[in-house]
Structures are given as C-alpha cells and as structure tokens.
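**Q** using only what follows, build the 3D model:
(chains A and B)
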Amino acid sequence: MTAIRTDTVAAERVPEVHEPPARRHRLRQLSGGDKVVLAIMIAIPTLIQALLIWIPTVASVFLSFTKWNGLSITNLRFAGLDNYLYILKDYPPFWPAVLHNVIWLVFLAVIATPLGLLLAVLLDRPLRGTRIYQSFFFVPVMLSLALIGVIWQLFYSQDNGLLNNLLGTSGTSHAVDWFGDSRVNLWAALIAATWRHAGYIMILYLAGLKGVDPSLREAAALDGANGAQTFFRVVFPVMRPTNIIVVVITIIEALRAFDIVWIINGGTNGLELLSALVVRNLVGEGQVIGIGSALAVVLLVISLVPIVFYLVRTFGKEAAE
Amino acid sequence: MPQSLSHVTLNRRQLFAGAGAGALALTLASCTGGSAPSSSGTGSLTFGSNASDPVPKKAYADFVAAFEKKSGDKVTVNTSDHNSFQEKINNYLQGSPDDAFTWFAGYRMRYFAKNDLLGDVSDVWKKVGGNYSDAMKTASTGDDGKQYFVPNYNYPWGYFYRKSLWQEKGYAVPTKWDDLVTLAKKMQADGIIPIQFADKDGWPAMGTFDYINMRLNGYQFHLDLCAHKESWDQDKVKKVFDTWNEIRPYQDPAALGLTWQDAAQKVGNKQAGMYLLGSFVMQQFTDPAVAADIGFFEFPEIAMEGQTALEAPIDGLCLSKKGADSQAAKDMLAFMGTGAGQLAYWKADPSNIMTAKDADTSSYSDFTKMLGQVIAKAGHISQFFDRDALPAMASNVMIPALQNFTKSGTIDLANMESQAKQLYSQQ
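**A** Numbering: from 1, shown residues only, chains lettered A, B, ... in the order given. Below you'll find the model as predicted:
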C-alpha cells in the first residue's frame, strides 16, 4: 500500500519519470570500496575546509562582537557593536587603509594588469630570446619577501639608492625619501607591487594566448582585420577563461596586498592597508582580539562583494548557455 | 637588536608560525604535552630564552654553564627567535612554558603576574634582595606587592654624540632644556643635523616622548599615563607636545625613512650632532676609534624632578606558573641575582650594565663605568613606553600618532584618549 502511494506521488511530482530510476541504477553500481573511497575523498577536504576556513571565520565573526584579552576564557565579554564603532569612528588608520586598498586595486587594474597583458602579447611573438625575456619578467614572482625588501631598498634608499643617484639628488637635501615620505611612499610601494604583479599576469596570458586557435587569426586576417582589431575583437574575447582568472586574481591581490608594505615600515605612515591593520591588531604584542577580528570581518565582507558578484555572473552565464 | 618593539622586522614565515600557533593553541595545548615533566626537586629545569642573536645567546649559554657548575642542576635551554618569542608570549605562557624564561620588567611583567601566569619569586628576593637597589625591586614587583622578576642587566637612554666634533665646534653639554634648544639652533647654523631622529620603525620616538613627559610632569605621571589612570586629553599631555615642538624643527627631516641603525651611522659620520637612544646604539660604532670618541649626556632638565628619572629598560628572568614549583628554577633565578651570575653573562655581552650591587665591575670600560654611574644615581627608572604601557597602546596608537606628529607637529589628544579608553577596556 505505502509503496504504491509513494510511487504515485513521485510520478506526479517528477514529469520525467525515467530519470529517477536511471539515477538509482547508476548509484547501485558503486561497490562498497567505491563508497568508502568517495566518503573519504569528500570527508577529508570538507574537514580541512571546516578546520582551516569555516571554523576560524565563524570564530572571527563571533570574537569581533566581544572584548577579550586572549588569556582566560572567563575574561571574554560581549561588546555588541563597540569594536565596529571604534574602527569606524576612532581608529585613525582605518579610513586611510580603505582608501589605499582602493588605490591599490585601481592601480593594479589600470596599470599593472594591462602591463602584464602587453608583455605577454609582445613576448608571444617569435622573437629571438623570448624565453629569456619571459624569465626576466617572471623572476620577481618567485623571489622571497626578504630579497624583495633588499632589492627595493637598493632602488629607493634616500642616501645611496639607485633612483636618487639617477636623479642626481643623492646626498643632497632634495633627495626623495621614497619610503619615509608619506606623499610618495604608497606610489613607491605600488611600483614594487606592479613589478611582481605584471610578471604573474604575463605568465597567465602567455598560457592563454597559446590556447587560442591560430585558424581564428587567419580567418580574421582573411576578413581584412588589422592587428589591433584581430586582438581586441577576436583573440581577447576568446581568452575569456583566462580573463576571468586574471580579474579575480587582480582583485584578490589588491585586497590581500600586505608583504611589501609590511617589509617597508609595518604598514604605517602613509602605507596603511587593511591587511596590515588586521595583522597589527591580531598577531603579537599589540594584540586586541576584538578589534583585530572586527577589522578582519570588514576585510572579509569587502572581499566577498566583488568575488561573489563575479562568480555569480560567470557561472550564471555558463549555466544559461 | 634593541629589546623593544621590533615587530616590524617580523617576516612572513614567523608571522604564519605565530598565527598558526594562535589558531591551534587551544586544540594542541593538551596534545603537545609539557616540554619537560614537573621538575620539582629533580635538580633539572627548562629555560626558554629569547636570546637568539649570537652575542646574547653565547652570554646566556655561559650563564647557564656557570649555574650548572655551581649547583649541579641540569638546565635544558630552548632558544626562540627574539621577535617571535615576544609575538607568541600569550600562547607560550598558557600552553606548556619552560620553567624559567627571559623577560622584561614593566607593565608587561605585571600584566602577566596579574593574570596568574607567572611564578611568585618573593622567596628568591628574600635571598638576593639586598643585592639590588630599591628602584630595581620596585621594577620587579607586581601589583599585589610580590616579586615576579629577577633583573639581569639594563641600559640607559640618553644623548650620544661625537666628542671630537663637539670639541672642534665648541659645543657644551646642555643640562637645561633652553640650552638644548639654543645648541640645536647653533648646530643648524653650522650646517649639521642638530638632533638625529629615526622613526621608520615607530618605537624610537617614544624615548623623546617619555623624557619630555617625565621632565615636565614627573615619573609618577608617566606611570599613571602608561597605565591609563591619567587621561591623554589634558593640558599636561598637550604641554609635552608643545615642548617637543620647540626642538622638532631641528630633528632630522628624513626621520620617517630611517631605522635607528641608519641614524647611528649619521652620528658616527659627524653628519648629526646628537642622538637620543639606548646605549645599544654603541653596537653600530664598530670602528674602535669612533666608539672611543662617543660621549653621553642625560636628557636635560625642564620643569620638575631635575634629571632624576632615567629610562633604563631592565631585562631579566621570570618563572612560569609551573616553574614556581621547581627549586632548581628558583635556584637559577637566585644565581641571576648574584654578581657571579651576572658577570658570567656580562663577559660575553659587555654592552649592558650589570644590576647586582656586588657585581665585579673592574673590567668595565670607562664609558660603561660612566653609564653605570648614571643608572646608580637615578632616582626613578622607567622602562620605556612600550614596556610601561599596554603593548597595544604602544604599537597601535602611539606609533602612528608619533609618526604623524614627527611630520606635522600636530596631535589629536581627544582621539588618543578615546582610543586608549577602548584598548584598555579590552583587557
């Protein structure tokens, strides 16, 4: 009796009656061993994800509404929105940090990423020694943080740096204090960031360009398109998967920009960035867990907006196609 | 490396190690187990050391060897990187700390004592107390009146200069504030940077703030302000910055791009007249001829207490809560309180001043002797802003505020007060 009833209900609900039995049939082909393997393959990443991402995220959100000195759990008190109000109203580096993150994003998007694309297009041609040039531009991506600090110190040092020597201002009172003067140090840091970012983008686009079907270019040439038209109307749109990755990477790089400013002066004096403020408030002796967590949540929310927007748009389109 | 706020040099690996330790501290604390079994009465102890630079590392190794030889106890030394030891101290003390560890006097010590994370060493002080000045005892005492710290050495802050340059130009050591301002003007006219200043790392400027504050408002006000018993938003504090503005134009305008090491070089090269820093600045004068030509004078008198208060941060040893049960660990701290123990350390690291009264100072250089006398005659010994105040106040509020003051000459005290309120209420 019950069995028949269920069948009827199922038949009424699902118009394609053939689909459910087919699925059930496929599932039945999994052996016991397969199921164990599948369970492990799902469980382990889920566990890692939960342990390293979800639990800390939820804990951060929770802690951002508390006051806690990080010692005994009995010291934990609820603070309501206090930490957020403090950040918005009383914490002087916060708004400069937001502004600098925005500048960082615009600079990467308008200058660094197109520069990487330009390098990729130029070096994709059959030039002599193109591999060597590619390596040159990619090297900054692979260098360690400490080495990058040393290299840019050599460029920017006020007394004996390369730049001040080239400008002829070295040793004079007109020598530009590239790292110490808060009117210029953000731009100095951005150039250092571009130096890395462009190499990264170049490699992605070189790979993307290799994937473009040569017959498309031939077809465009036969139709009378010039070089620029071929690139912008045909090649660039075809590289859509690469473009998506590049846009997401550019946004992420702008939001998590941290190491260069940290190595210059710890993210103070004109180089405030949200990530540096999070670290200053959350790690080490200056630890104020509630405020640091609130800053981290702000950064998280800001990061989610463009990423969710873009992913929804991308996958939404793909699903529609 | 100054034993001060130096987190700016934190590299990414240490950072992640620290963050990871933080995230996992709660879950792992029970799994990792103690670094040693309870060592009560077994004649052994573990010793956590932040002395990772070669010179202090060797010095602590010599000290431990001398202690082992004298007592027959066995010491296991765990050395951590200097900066990361400070970064992870909260997790360290709550997890499985060593019995004894290197630490600093000041708020940071009292704070952990108040939170019941340090071992009481009052009985050690009964043995070695007579060997220390009252200022040292006060610096080692927690809010509850018990001692939690045994001093090893300290180093004074003051102005350092090239004696030959001053002789050549006919400058005299200023003992009054107005003399300092006049001298700075004269130096500027002579085409040298009058007051060397370096604040890229943020903390060195706190020395100038502390001194002007103590000279204007007294030592007790410094302590109360650091503990936030006094408001930032009041005329007394405003006066500090007004006074500072009288010499600010004579500070090196490149200050915000310089580390203290860079700044010391400018003094060594006679580009700059004088430089307010701790005596660790001597590490930068590697040329013996230059080192022999360095002079020192104390921060001049302004309004009250003359020159009695001195910034001379004290480094020494603490016991963890667990270490308080270990007789061997207490014996080692007592040994630190003797001249013999401190000498074993000092021989390998002679840039500091021993703190025990019976320490044999016959191998001090004349310069070290003079610095020692400066400390001995000080009426009050302060520990530097980042040790006397809440660390978050020092690193998150003072550093940006003083950097901004350094370039603009303005300060928003109402905002500093509201920040202080928020940070101290989080503790």
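
**Q** what does the stretch 201-350 of chain B put close to chain A?
**A** Residues of the stretch 201-350 of chain B lying close to chain A (Cβ under 8 Å from any Cβ of the partner chain) are B:201-202, B:254-258, B:262. For every residue, glycine as well, the C-beta is placed using N, CA and C.

**Q** among the residues you listed, which ones are in helices?
**A** Assigned to helices by DSSP state H, the following of those qualify: B:D262.

**Q** tell me which residue lies nearest the centroid of chain A.
**A** A:I252 (1.8 Å; Cα atoms, centre = their mean).

**Q** which residues does it contact?
**A** Going by Cβ atoms under 8 Å, 6 or more residues apart in numbering or on different chains, A:I252 touches A:303, A:307.

**Q** check A:V278 too.
**A** A:292, A:295-296, A:299.

**Q** which SSE is it in?
**A** helix A:274-282 (DSSP states H and E).

**Q** and that helix, what's its mean pLDDT?
**A** Rounded to a whole number, the mean pLDDT of helix A:274-282 is 91.

**Q** kindly format the C-alpha coordinates of that helix as CSV.
**A** Extracted as CSV, the C-alpha positions of helix A:274-282 are listed here (Å, rounded to 0.1, in the frame of the first residue of the first chain):
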residue,chain,number,x,y,z
LEU,A,274,43.5,46.7,5.8
SER,A,275,45.6,43.5,5.9
ALA,A,276,48.4,45.2,7.7
LEU,A,277,45.9,46.6,10.3
VAL,A,278,44.5,43.2,10.8
VAL,A,279,47.9,41.7,11.5
ARG,A,280,48.9,44.6,13.8
ASN,A,281,45.8,44.1,15.9
LEU,A,282,45.6,40.4,15.8
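
**Q** how far off centre is that helix?
**A** 17 Å (Cα atoms, centre = their mean, to the nearest Å).

**Q** pull out the buried positions in the next helix or strand after it.
**A** Counting by DSSP H and E, the next helix or strand C-terminal to helix A:274-282 is helix A:289-320. Neighbour-count burial for helix A:289-320, counted by 16 or more other Cβ atoms under 10 Å in any protein chain shown, picks out A:289-299, A:303, A:306.

**Q** near chain B, anything from helix A:289-320?
**A** Yes. On the criterion Cβ under 8 Å from any Cβ, helix A:289-320 is in touch with chain B at A:289-291.

**Q** spit out the contact partners of the residue of the stretch 151-300 of chain A found nearest chain B.
**A** Per Cβ to the nearest Cβ, A:G180 is where the stretch 151-300 of chain A lies closest to chain B, at 2.2 Å. By Cβ under 8 Å, 6+ apart, A:G180 lies in contact with A:158, A:265, A:269, B:200, B:254-258.

**Q** any of these buried? List them.
**A** A:158, A:265, A:269, B:200, B:254-258.

**Q** among those, which pair sits farthest apart?
**A** A:Q158 and A:N269 (14.4 Å; Cβ to Cβ).

**Q** tell me the secondary structure at the closest residue to B:A263 other than its chain neighbours.
**A** Distances taken as Cβ to Cβ, 6 or more residues apart in numbering or on different chains put B:A198 closest to B:A263, at 3.5 Å, once the chain neighbours are dropped. Assigned with DSSP: H, G, I helix; E, B strand; the rest coil, B:A198 falls in the coil class.

**Q** how many neighbours does residue 232 have?
**A** Defaulting to chain A. 11 (other Cβ atoms under 10 Å in any protein chain shown).

**Q** switch to chain B, that's the one I care about
**A** That count, for B:W232 with other Cβ under 10 Å as the rule, works out to 23.

**Q** and it, helix, strand or coil?
**A** Criterion first, three-state DSSP; result for B:W232: coil.

**Q** measure it to B:K146 for me?
**A** 30 Å (Cβ to Cβ, to the nearest Å).

**Q** near chain B, which residues of the stretch 1-150 of chain A are found?
**A** A:56, A:67-72, A:82, A:86, A:89-93, A:145-146.

**Q** among these, which two are most distant?
**A** The widest separation within the residues of the stretch 1-150 of chain A next to chain B (Cβ to Cβ) is 38.4 Å, between A:D82 and A:A146.

**Q** so these two - more neighbours on which side?
**A** When A:D82 and A:A146 are compared on other Cβ under 10 Å, the one with more neighbours turns out to be A:D82, at 19 against 12.

**Q** so who does the more buried one touch?
**A** With Cβ under 8 Å, 6+ apart, A:D82 has these contacts: A:67, A:290, B:422.

**Q** now do it, the pLDDT please.
**A** pLDDT for A:D82: 92.

**Q** tell me the phi and psi of it?
**A** phi -50, psi -50 (degrees, to the nearest 10).

**Q** from B:F297, how far out is A:L105?
**A** A:L105 is 51 Å from B:F297, by Cβ to Cβ.

**Q** swap that for A:L186, please
**A** 39 Å.

**Q** about what we covered before: just the buried ones from the residues of the stretch 1-150 of chain A next to chain B, in ChimeraX syntax?
**A** Provided next is the ChimeraX selection string for whichever of the residues of the stretch 1-150 of chain A next to chain B are buried by 16+ other Cβ under 10 Å:
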select /A:56,67,68,69,70,71,82,86,90,91,92,93
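
**Q** let's see which of the residues of the stretch 1-150 of chain A next to chain B end up in helices.
**A** Per DSSP H, the subset of these in helices is A:56, A:82, A:145-146.

**Q** picking that back up, nearest to A:Y200 among the buried ones among the contacts of A:G180?
**A** After measuring the buried ones among the contacts of A:G180 against A:Y200 - Cβ to Cβ - the closest member comes out as A:N265, at 24.4 Å.

**Q** per-residue pLDDT of the residue nearest to the closest one when sequence neighbours are not counted, please?
**A** Distances taken as Cβ to Cβ, 6+ apart place B:K200 nearest to A:N265, at 5.3 Å, with adjacent residues excluded. What the model reports as pLDDT for B:K200 is 89.

**Q** quick check: B:K200 touching B:T259?
**A** Yes. In this structure, B:K200 is within contact of B:T259 by Cβ atoms under 8 Å, at 5.4 Å.

**Q** which parts of stretch A:148-158 are buried?
**A** Neighbour count says stretch A:148-158 has A:148-149, A:152, A:155-158 buried, by 16+ other Cβ under 10 Å.

**Q** now render the contacts of A:V278 as JSON lines, adding pLDDT and distance to B:K322.
**A** What follows is the contacts of A:V278, written out as JSON lines (pLDDT from 0 to 100; distance: Cβ to Cβ, whole Å):
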{"residue": "A:G292", "pLDDT": "94", "distance to B:K322": "29"}
{"residue": "A:L295", "pLDDT": "95", "distance to B:K322": "34"}
{"residue": "A:A296", "pLDDT": "94", "distance to B:K322": "33"}
{"residue": "A:L299", "pLDDT": "92", "distance to B:K322": "38"}
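
**Q** residue contacts, B:D252?
**A** B:193, B:195-198, B:258, B:263, B:266, B:272.

**Q** got the phi and psi for it?
**A** phi -60, psi 120.

**Q** what separates it from A:D177, distance-wise?
**A** 10 Å.

**Q** do B:D120 as well
**A** In terms of Cβ to Cβ, B:D120 sits 50 Å off from A:D177.

**Q** give me the more crowded residue out of these two.
**A** A:D177 (23 against 17).

**Q** for the residue lying closest to that one once chain neighbours are set aside, which residues are in contact?
**A** Among residues not flanking A:D177 along the chain, B:G257 sits closest, at 4.2 Å (Cβ to Cβ, 6+ apart). For B:G257, the contacting residues are A:158, A:177-181, B:200, by Cβ under 8 Å, 6+ apart.

**Q** 6 Å instead, please
**A** A:158, A:177, A:179-180, B:200 (Cβ atoms under 6 Å, 6 or more residues apart in numbering or on different chains).

**Q** again, but for B:S140
**A** B:147, B:149.
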